[in-house]
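Student: pasted the sequence and its predicted model underneath.
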Number of protein chains: 2
Amino acid sequence: MLGDAIDFLPCESFEDVFQALASGQADASVVPIENTLHGSVHENYDHLLNFKLPIVAETRVRIVHNLIGRPEATLLKVRTAISHPVALRQCLNFFKSRKRIRAQIDYDTAGSVRRIMKENDPSVAAIASETAAAYYGAKLLKKSIEDDRHNYTRFFLLKRKAPRRAAKKGVPLKTSIVFSTPNKPGTLFRCLSAFALRDINMDKIESRPFRGRMFEYLFYLDFLGSPDEPNCRNAMSHLREMTDFMAVLGCYPQAT
Amino acid sequence: MLGDAIDFLPCESFEDVFQALASGQADASVVPIENTLHGSVHENYDHLLNFKLPIVAETRVRIVHNLIGRPEATLLKVRTAISHPVALRQCLNFFKSRKRIRAQIDYDTAGSVRRIMKENDPSVAAIASETAAAYYGAKLLKKSIEDDRHNYTRFFLLKRKAPRRAAKKGVPLKTSIVFSTPNKPGTLFRCLSAFALRDINMDKIESRPFRGRMFEYLFYLDFLGSPDEPNCRNAMSHLREMTDFMAVLGCYPQAT
């Protein structure tokens, strides 16, 4: 993707990513929404609700950490590996088996590649993605040094306006909604009946205390189908009867 | 708590925290399980399943970041603030309104207080908790500089053996379970019926793709009640009929 004619606009915070799209500074935004080890990024769910920018696509990316050096570097001569602390902590086995390499924290993974390329010391390597290595012209010294291969992050692509779309053959549509209910026994059960009794399959359900409101919950729910299908439309209108609040965050092709 | 006769055993990874308790090196372990901004720590749910160490208590802690300096430091003379990158990113407004202070990453929040106390430069401050400031004899330069006051982390206390317990008056017991179901329409709905039709209140529900098994989901569910109460015991045995797998992670007094 980095080879395409796309301009990137790095942002300091997730809120800035949403703001850049809302203000027209960016044409599209990409935000992480959940990770298999670290759970949902609730902050971005909050921004989805506040900014009302529709999700138009999802993707799942396996997080692979690589040891990346300067073009003249060799694995044997590396003494320091710099990266974001989360990346360093996800490569503990690598550091345990190579005592001569010291971990040192840096701001981010891709930025650590830029830094080793700027400075002139081949004994300092970075831990980052292959894409970052290719982008900065650095050398892949050791591939896939992460402890856990089941580390995936799901990202949403956001635009200012949702496209009209129909399901493509073999690629079902998925819809993300959020709703809130009072905290009473059986409330969620009744809410789910709107989908279960119409044979609509759910892909994600998660509860979260409603920020600033005691004893109320927000639910995130992804279901297979789109608001254009009559049974999904009926389920959503049934759900509205039972909830204090309901919003559609987007409808997009399910990632494979 | 730091004043009590408790020995602390800092660990490099969450897995080490579980391992220390399992091996008898520690008498109890504390692990974060979810955060209002960053979601559930799935990694620790995995460890709860693998190590089978029971949850015996829960607590919710508001994350407050403070600017902490050496005893002779003053707010006006601070030029650098060091801390864990997540803490720094949660204080963006503070840095925006004080351009003279530069953020610089460090390994962790409490560790950054230890570092400023070791080094001899009053222009370098740390961002950490009041507890860390008190522990290292450092000075609170500015309280609560975090952007978001709705930042809470829920922690579990684990022991090797679950105590026998009865609900205390006014403090209901909560039970955390995990179960898996095949991904078919209506499965979760039927599972929740075990609780809803017995008027048992749920406090958390979250789905997660089952690691290494395609098209299967793990569900985390907290309900109010204990396996000693007949209706909860019946609900759990009803749930077992409908699931591929079910485990109790612990029963503990609900945090207020």
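Tutor: Good, I have the coordinates.
Student: dump the helix or strand harbouring A:Phe223 to CSV, keeping only the CA atoms.
Tutor: Using DSSP states H and E, A:Phe223 maps to strand A:216-224. In CSV, the C-alpha atoms belonging to strand A:216-224 read as follows (Å, rounded to 0.1, in the frame of the first residue of the first chain):
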residue,chain,number,x,y,z
GLU,A,216,-26.2,1.5,32.5
TYR,A,217,-24.4,-0.5,29.9
LEU,A,218,-23.4,0.1,26.4
PHE,A,219,-23.3,-3.0,24.1
TYR,A,220,-21.3,-3.4,21.0
LEU,A,221,-22.8,-5.9,18.6
ASP,A,222,-21.7,-7.0,15.1
PHE,A,223,-24.1,-9.1,13.1
LEU,A,224,-24.0,-10.6,9.7
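Student: what is the helix or strand just after that strand packed up against?
Tutor: Using DSSP H and E, the helix or strand that directly follows strand A:216-224 along the chain is helix A:230-242. Helices and strands touching helix A:230-242, by 3 or more Cβ pairs under 8 Å, 6 or more residues apart in numbering or on different chains; DSSP states H and E, are strand A:173-182, helix A:187-196, strand A:245-253. Using the backbone N, CA and C atoms, a C-beta is placed for each residue, glycine as well.
Student: mind exporting the second one as PDB, just the C-alpha atoms?
Tutor: Going back to what we said before, that points to helix A:187-196. What follows is helix A:187-196, C-alpha atoms only, in PDB (Å, rounded to 0.1, in the frame of the first residue of the first chain):
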ATOM      1  CA  THR A 187     -32.600  -7.000  29.400                       C
ATOM      2  CA  LEU A 188     -29.800  -8.200  27.200                       C
ATOM      3  CA  PHE A 189     -31.500 -11.500  26.600                       C
ATOM      4  CA  ARG A 190     -34.600  -9.800  25.300                       C
ATOM      5  CA  CYS A 191     -32.400  -7.500  23.100                       C
ATOM      6  CA  LEU A 192     -30.600 -10.500  21.600                       C
ATOM      7  CA  SER A 193     -34.000 -12.200  20.900                       C
ATOM      8  CA  ALA A 194     -34.400  -9.600  18.100                       C
ATOM      9  CA  PHE A 195     -31.600 -11.200  16.200                       C
ATOM     10  CA  ALA A 196     -31.800 -14.900  17.500                       C
END
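Student: pretty sure A:Asn93 sits in a helix.
Tutor: Yes - per DSSP: H, G, I helix; E, B strand; the rest coil, A:Asn93 lies within a helix segment.
Student: list the residues that contact A:Ile55.
Tutor: A:Ile55 sits next to A:48, A:156-158, A:176, A:249-252 when contact means Cβ atoms under 8 Å, 6 or more residues apart in numbering or on different chains.
Student: which residues of the stretch 151-256 of chain A lie near chain B?
Tutor: By Cβ under 8 Å from any Cβ of the partner chain, the residues of the stretch 151-256 of chain A that approach chain B are A:183-186, A:188-190, A:192-193, A:195-197, A:199-202, A:204-209, A:211-212.
Student: among the helices and strands packed on helix A:230-242, which is the most enclosed?
Tutor: helix A:187-196 (a mean of 22; mean count of other Cβ atoms under 10 Å in any protein chain shown).
Student: in terms of secondary structure, what does it contact?
Tutor: Checking 3+ Cβ pairs under 8 Å, 6+ apart, helix A:187-196 ends up next to strand A:173-182, strand A:202-209, strand A:216-224, helix A:230-242, helix B:187-196.
Student: kindly recompute the last result at 10 Å.
Tutor: strand A:173-182, strand A:202-209, strand A:216-224, helix A:230-242, helix B:187-196, strand B:202-209 (3 or more Cβ pairs under 10 Å, 6 or more residues apart in numbering or on different chains; DSSP states H and E).
Student: could you list the low-pLDDT ranges of the stretch 101-250 of chain A?
Tutor: Applying pLDDT under 70 to the stretch 101-250 of chain A picks out residues A:165-167, A:211-215.
Student: which ones are touching the residue nearest the centre of chain A?
Tutor: Closest residue to the average C-alpha location of chain A: A:Pro32 at 2.0 Å, with Cα atoms, centre = their mean. With contacts defined as Cβ atoms under 10 Å, 6 or more residues apart in numbering or on different chains, A:Pro32 is in contact with A:14, A:38, A:40-41, A:43-44, A:61, A:153-156.
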